[in-house]
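Asker: what's the 3D shape of this:
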Amino acid sequence: MTSRRNFLRNAGAGAFAATISPLISNAGAAEAAESAAAKPDLFTLGIAGYTFYGYKDDLDKTIDVIKAVGVKEVSLKNFQLPYDSTQDQADRVLAKFNAAGIAVYGVGVVSMKNEKEVNEAFPYAQKAKVKVIIAAPSYEMLPLVAQKAKEYNIRVAIHNHGPEDKIFPDIDVIYEKIKDLDPLVGICLDIGHSYRNGNDPTAMLLKYKSRIYDMHIKDVDRPVAEGKTVVNGHGGIDFVRLIKALRKAKYSGSCSLEYEYPEPALGVAESLGHFRGVLAAVK
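Answerer: Predicted coordinates for the structure are as follows:
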């Protein structure tokens, strides 16, 4: 049997897309037929751009994989849309995604550790025509971040990065720092990093739901700092509870898969298959 590693080494994104697209199409048709009468979820399914760090020099490969797995929205990292892009350059990148039926809804994670970074982040997001910046600010910059968010009418979702992050290890800290700021400043809940921080991401979602504007969805093998990203369903996160909580919280942002491997294509497909399966099974 051909190993996953050999398959990935020998097959390009085009071959992957040709292999997986009929499966996605058939699964999508069956799912649509089964759930036609069901109330649609308020949240959407997306992919975080960092998933494709292994494809930094190949935007077309990124688009091929996203299209193959049937996802309709993405947030972009700066290796997909450089910070110094002109409007024409940004428009060309956006046009590639739009032509594939993929909407660019956000950018990030964007550093906002000083005034220069904050002042540059919002024009960058404006060029990308997005509704949210997934951000990593310092405490000192939060008043300026709130001011700029209001000026540009763009939401900021501050990302938790786990126990290594001494500023925002989890979203409880984020909430305490932003609760009195303009409501345009909120949270991106990365459930994997929350789990690595020793917390229950489902409980975090329900507690801070009013300010969660974006989510990064991943599974992690252990609830410790050394925990590693794994295919959804192979780690310790309870996705049944999570999806029930998403519906209970009436969460209306994106659930963006973030699968952190140099060659992510098959893991992305497996993880999305698991997430969609739980969505279909959980009432």
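
Asker: who's in contact with the nearest residue to R222 once chain neighbours are set aside?
Answerer: Leaving aside its sequence neighbours, R222 sits nearest to G236 (C-beta to C-beta, 6 or more residues apart in numbering; 6.4 Å). C-beta here means a position set from N, CA and C on the backbone, and glycine is covered the same way. Going by C-beta atoms under 8 Å, 6 or more residues apart in numbering, G236 touches Y195, D219, V220, D221, R222, P223, G227.

Asker: go again using 10 Å as the cut-off
Answerer: G192, Y195, R196, D219, V220, D221, R222, P223, G227, V230 (C-beta atoms under 10 Å, 6 or more residues apart in numbering).

Asker: and A245, how many neighbours?
Answerer: 19 (other C-beta atoms under 10 Å).

Asker: show me what contacts it?
Answerer: A245 touches D200, P201, T202, A203, M204, L205, L206, K209, D238, Y251, counting by C-beta under 10 Å, 6+ apart.

Asker: Now the second one, what are its backbone angles?
Answerer: Note on P201: its backbone torsions stand at phi -60, psi -30 [degrees, to the nearest 10].

Asker: That one contacts I243, doesn't it?
Answerer: No: assessed by C-beta atoms under 10 Å, P201 is found out of contact with I243, at 11.9 Å.

Asker: Tell me which of these two has more neighbours.
Answerer: Between P201 and I243, P201 has the larger neighbour count (other C-beta under 10 Å), namely 28 against 19.

Asker: just to revisit the earlier point, helix, strand, or coil at the residue nearest to R222?
Answerer: coil (DSSP: H, G, I helix; E, B strand; the rest coil).

Asker: Check the gap between it and D214 for me.
Answerer: For G236, the distance to D214 (C-beta to C-beta, to the nearest Å) stands at 22 Å.

Asker: cool, I133 as well?
Answerer: Applying C-beta to C-beta, the value for I133 to D214 is 9 Å.

Asker: what residues are shared contacts of these two?
Answerer: In terms of C-beta under 10 Å, 6+ apart, I133 and D214 are both contacted by the residues S75, G106, G108, R155, V156, A157, I158, C188.

Asker: tell me which of those residues is nearest to K129?
Answerer: G106 (10.7 Å; C-beta to C-beta).

Asker: can you pull the contacts of that closest one?
Answerer: Residues near G106 by C-beta under 10 Å, 6+ apart: 46, 48-49, 73-76, 125, 128, 130-134, 154-155, 157, 188, 213-214, 253-254, 256.

Asker: Can I have the buried ones of those residues as a ChimeraX selection?
Answerer: The buried residues among the contacts of G106 can be selected in ChimeraX (16 or more other C-beta atoms under 10 Å) with this line:
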select :46,48,49,73,74,75,76,125,128,130,131,132,133,134,154,155,157,188,213,214,253,254,256
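
Asker: Which members of the contacts of G106 are positioned in helices?
Answerer: Residues of the contacts of G106 located in helices (DSSP state H): A125, A128.

Asker: and A281, what pLDDT?
Answerer: pLDDT recorded at A281 is 97.

Asker: now swap in S21 and tell me
Answerer: Looking at S21, its pLDDT is 55.

Asker: And for K39?
Answerer: For K39, the pLDDT comes out at 80.

Asker: Name the surrounding residues that touch the helix or strand hosting V173.
Answerer: Element membership for V173, per DSSP states H and E: helix 171-178. Under the criterion C-beta under 10 Å, 6+ apart, residues 137, 139, 142, 145-146, 156-160, 165-168, 184-191, 193-194, 197, 199, 201, 204-205, 207-208, 210-212 lie in contact with helix 171-178.
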